[in-house]
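Asks: Sequence plus the predicted model coming up.
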Protein chains: 2
Amino acid sequence: MIIDRINTPADLKKLNIEEMNQLADEIREYIIKKVNTTGGHLGPNLGIVEATIALHYVFNFPTDKIVYDISHQCYTHKILTGRKECFVNPSEYYKYTGYTAPEECNYDLFKVGHTSTSVSLATGVAKARDLKGENYNVIALIGDGSLSGGEAFEGLDNAADLGTNFIAIINDNDQSIAENHGGLYKNLKDLRDNNDKSVNNFFKALGFDYYFVKDGNNIKDLIEMFSAIKNINHPIVVHICTKKGKGCKVAEENREAFHWMLPHALDNDTDYEQKESYNSITNEYILKKAKEDKTVIAINAATPGVFGWDMDFRNTLGKQYTDVGIAEEHACAYASALAKSGAKPIWAVMSSFVQRTYDQLSQDLCLNNSPITMLVYWGGISSADATHLCTFDIPLIKNIPNMVYLAPTNKEEYMAMLKYSVEQTESPIAIRVPNIDLVSVGEEDKTDYSIINKYKVVKNGSKIAILGLGNFFNLGKEVADKIKSELNIMPTLINPRFITGVDEALLEALKKEHDIVITLEDGILDGGFGEMISRFYGNSNVKVLNYGGKKEFTDRISLDKLYAKYRLKPELILEDIKTVI
Amino acid sequence: MIIDRINTPADLKKLNIEEMNQLADEIREYIIKKVNTTGGHLGPNLGIVEATIALHYVFNFPTDKIVYDISHQCYTHKILTGRKECFVNPSEYYKYTGYTAPEECNYDLFKVGHTSTSVSLATGVAKARDLKGENYNVIALIGDGSLSGGEAFEGLDNAADLGTNFIAIINDNDQSIAENHGGLYKNLKDLRDNNDKSVNNFFKALGFDYYFVKDGNNIKDLIEMFSAIKNINHPIVVHICTKKGKGCKVAEENREAFHWMLPHALDNDTDYEQKESYNSITNEYILKKAKEDKTVIAINAATPGVFGWDMDFRNTLGKQYTDVGIAEEHACAYASALAKSGAKPIWAVMSSFVQRTYDQLSQDLCLNNSPITMLVYWGGISSADATHLCTFDIPLIKNIPNMVYLAPTNKEEYMAMLKYSVEQTESPIAIRVPNIDLVSVGEEDKTDYSIINKYKVVKNGSKIAILGLGNFFNLGKEVADKIKSELNIMPTLINPRFITGVDEALLEALKKEHDIVITLEDGILDGGFGEMISRFYGNSNVKVLNYGGKKEFTDRISLDKLYAKYRLKPELILEDIKTVI
């Protein structure tokens, strides 16, 4: 096999086109096998195999520099830059991340995992080169889907002005994670359909010199193009058309489903068991509600699959559905304006990606006190890659005025909050969709959530009070049981429900018969819920123990290890209690 | 005077063109007089007088809807919509904000003050209209400068796809706050120069139908255009060319200086007294350092004036200066990549505008641990308009891993931190530039800031320890004096210097001889410095009193009132101490 001879890009440069084509086939096979074992980004990686080979053939990395957008298409790059064991050797499958990572290899410039950043970053790389009087190519490789993100536009607008070597490769496979949305995509289609001969070229309008490769999976064509523009002395765009999922039939035909896939998804084409989940009850509710009320609208930014918003769901909602593309800033402002104009927007967003819209949360949404419903998914301490942690949403969302951030702990509570939120007209409401298995308590929650910051006392006790927030309410119960059994104390157990504020009357009342208050939250402690409680009790004799995550970027650490490190286990918490009691 | 007859847009509709021209002159005179008394946005408001008149003449607000970008050009709109007393009657000059405000008037849709939001918001308004089956015009009015912001692009990309009535008016005066930067601006120039006949029209590339008005200060031309496109059934752009500062010679000639002006700036053309300030010492240092080291680069996003980065400064730096335009996301990623590539970026940003870049701080910058220097200006509790508060930067920046956020308290400390930050290669460093008069202690600060989270004990005492952070260190000293004189206790006074972490050894040591720890911070308490200290002491007998701002949007409340409300006064803090001692 050719791949056996390839350890560095230098080895690649010795191959002829035919051998490189064969290498592409081999790489593709390894990627499919590996991703089907570990899970990961299948479609994006299969589409870019040839372009990556051509890039490494023509350019001289790491002297030349390349920044991958999201870097979810970097597998071939990793294979060609000394990390092929992670693909050819199953025992090493988990050795490297699925993203670029400078700590792995000096061919990688940045730790990247969020979208729309490559052009901005590459512009900085190019500017540093110019300041230092150095001379090499700087390339940003960005997919069509990522172009809708504000940071990508800000980067392009600035890169076009750079005046020196800068190469933006637009990897256009006519697909974001799901289908593309936005006016820009009509322009890309126009460029593809007309072999770049269209008037009103978006990239030319921004000032880029523009080049086009119709078959971005043809190594020969790509090498010709890259050789022609190598060492160019001004900012250019090379628009290449590739096939997402290329070489894997099911991935070519189901571009959304195989953008990112779970392990072994290629092995079966059967449906997964459809058990009730927070996704399923949410979507059932949205569909029903949207049918009754034509002002209900479901909004997301390019990740409908995360919420189980499949094509059926989208088609049923029709005009009551908006995928804004990768554009969380717009999603937030759009939802705010919809609510302010009397509609009922329900905006779903992953905890990790809500980070792309802080100012809009503050200014467009909360300052205007627009009564939207914002569903935050996957929030919690996470065993994910460092680029996709979901541990920071509480401090991000909680400390913005006017926001009401709710943390349900079971099915009925969640549904009551969701229904209340959609109907109310008082304020922006975010709900942290439980990131745990669905638990039903079998009894409707009749709480009036318009009375904000009212915590629920689940069990009255004394000496110790436990505030178990959202996902960690169950941990709170376990801690309560442990305290009871080991210390012979019946603690008070509280479900705070409101992340954004203090139930002053309750906390004040607790002082009488409690010496210790324990807070448990599924996120970093810094800037979070527990610290707010500590502040409240600062001037009192009540001792407060805060439990949650540490302010750090963890990288694929198992939850069990993280919980042990953060002392998020009943026996460890009990140990701590014993030291202060 | 015509203006005497104008109380609502209905009155305006009775005028002929000549009368409207006269009205424009009258309005202009009132705006100049008012702004020269109160300060405010002069240039943007003078440029848009005619367009606002034409809009109100042609459209039927508030049935038709208009969203102003930033809304710093809404003075004529306010005059025409029943709020003229705020301009014609000096005793009412302060009655209304300088921005749109729904609580003032139903012609205003949103509280707006940050940039690049109008298209997104208007898209939501239009979509709500469509969902409700209503029928009216929805207009976003956005300046050329605001188009560089990512949210504006995300909005345009989505608005183009709307399929129904949507009118984006591009108010192009060929100027951002300072001069424009970015490839887009060459396209706008091209469109202006060629009367819209250029190929590669940016707006057409996004899918908009496009209209052009060469003289956007000609009421007749504008009325013709607006009448022609009123009730259009798809998304369009109307590109109008206006003159910033029109009708005020000095503002026309000094478009940057009179974008926003202090009271009475029109009365004199003399220089302000040039006393030493944090701006002046920063800029002196940057110029010197940049001369010595060609990899030093000063970066900002369209607000150079805030930092005193005048044309001399920019020209002297030349290629070592980048104004990215209104594009904070890019500024952050760009700076990160520069640092990662061995350059020394110094990025200056206002506290209120750092909100536009959270994910980039987290992912592009901190996850990559890029050693940039970020200077945060104007951070602190503020008497500003609700849209421009600078009270939220501590929770925003502080809780991101790897970030080091420093709070200097005097000239020498600030300079030591700045010099250290620019030279170091360890981590991203943000410095909260003191938002108080410059104080020199006359002695060089020789602290090694590479030892992070080491607080400085300024005065050793007992019983009470005061942590006076940054701007509020002086308040800490006053509180210490008060404690000494009134309680006969010599408290410990500490300058924490590091916002981002706890000096555990010191805080642990304090436990021995201290019962009370007081924290003082110039920003909201929620998610801030003090809560972190409260968490630290939660399991101990030390009582902690946190002082800072409340989580709320305040609106033009004087500092004195806010300090009283937040008990940020020595006598009030002493009262509190007495209750817990």
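Replies: In hand now; what should we look at?

Asks: what stretches of chain A score poorly on pLDDT?
Replies: Applying pLDDT under 70 to chain A flags residues A:269-273.

Asks: In the longest helix anywhere in it, which residues are buried?
Replies: The residue-count maximum for a helix in chain A (DSSP state H) belongs to helix A:17-38. Buried positions in helix A:17-38, judged by neighbour count with 16 or more other Cβ atoms under 10 Å in any protein chain shown: A:20-21, A:23-24, A:26-32, A:34-36, A:38. In this view, the C-beta of every residue, glycine as well, is placed from N, C-alpha and C.

Asks: Could you tell me which residues of the stretch 451-581 of chain A lie near chain B?
Replies: Taking Cβ under 8 Å from any Cβ of the partner chain as the test, the list of the stretch 451-581 of chain A residues beside chain B reads A:524-528, A:530-532, A:534-535, A:537-541, A:543-546, A:551-553, A:576, A:579-580.

Asks: and the residue in chain A that chain B sits nearest to, how many neighbours?
Replies: Checking chain A residue by residue against chain B with Cβ to the nearest Cβ singles out residue A:150 as nearest, at 1.8 Å. Applying other Cβ atoms under 10 Å in any protein chain shown, we find 30 residues neighbouring residue A:150.

Asks: Now, the residues of the stretch 451-581 of chain A next to chain B that are in strands?
Replies: Among these, the residues falling in strands (DSSP state E) are A:524, A:543, A:544, A:545, A:546.

Asks: and the first one, what is it in contact with?
Replies: The contact partners of residue A:524, taken as Cβ atoms under 8 Å, 6 or more residues apart in numbering or on different chains, are A:391, A:392, A:394, A:395, A:548, A:549, A:550, A:551, A:552, B:399.

Asks: Quick one: buried ones out of those?
Replies: By the neighbour-count criterion of 16+ other Cβ under 10 Å, the contacts of residue A:524 include these buried positions: A:391, A:392, A:394, A:395, A:548, A:549, A:551, A:552, B:399.

Asks: What strand or helix carries the fourth one?
Replies: Read that as residue A:395. Using DSSP states H and E, the element containing residue A:395 is helix A:393-398.

Asks: what helices or strands is that helix leaning on?
Replies: With contacts defined as 3 or more Cβ pairs under 8 Å, 6 or more residues apart in numbering or on different chains; DSSP states H and E, helix A:393-398 has these neighbours: strand A:404-406, strand A:429-432, strand A:514-524, helix A:529-537.

Asks: Going along the chain, name the helices of the stretch 101-250 of chain A.
Replies: If you assign secondary structure with DSSP state H, counting those that start in this stretch, the helices in the stretch 101-250 of chain A sit at A:118-131, A:150-159, A:183-193, A:202-205, A:219-229, A:249-253.

Asks: Around residue A:312, how many other residues sit close by?
Replies: Using other Cβ under 10 Å, residue A:312 is surrounded by 10 other residues.

Asks: List phi and psi for it.
Replies: The phi/psi pair for residue A:312 (degrees, to the nearest 10) reads phi -60, psi -50.

Asks: Next, the contact list for it, please.
Replies: With contact set as Cβ under 8 Å, 6+ apart, residue A:312 has no partners.

Asks: what about residue A:242, distance to residue A:220?
Replies: As for residue A:242, its distance to residue A:220 is 15 Å (criterion: Cβ to Cβ, to the nearest Å).

Asks: These two: which has the busier surroundings?
Replies: residue A:242 (26 against 14).

Asks: okay, the ones in strands among the residues of the stretch 451-581 of chain A next to chain B in CSV with distance to residue A:141 next?
Replies: Supplementary listing: these in CSV, determined by distance: Cβ to Cβ, whole Å:
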residue, distance to residue A:141
A:524, 32
A:543, 54
A:544, 49
A:545, 48
A:546, 43
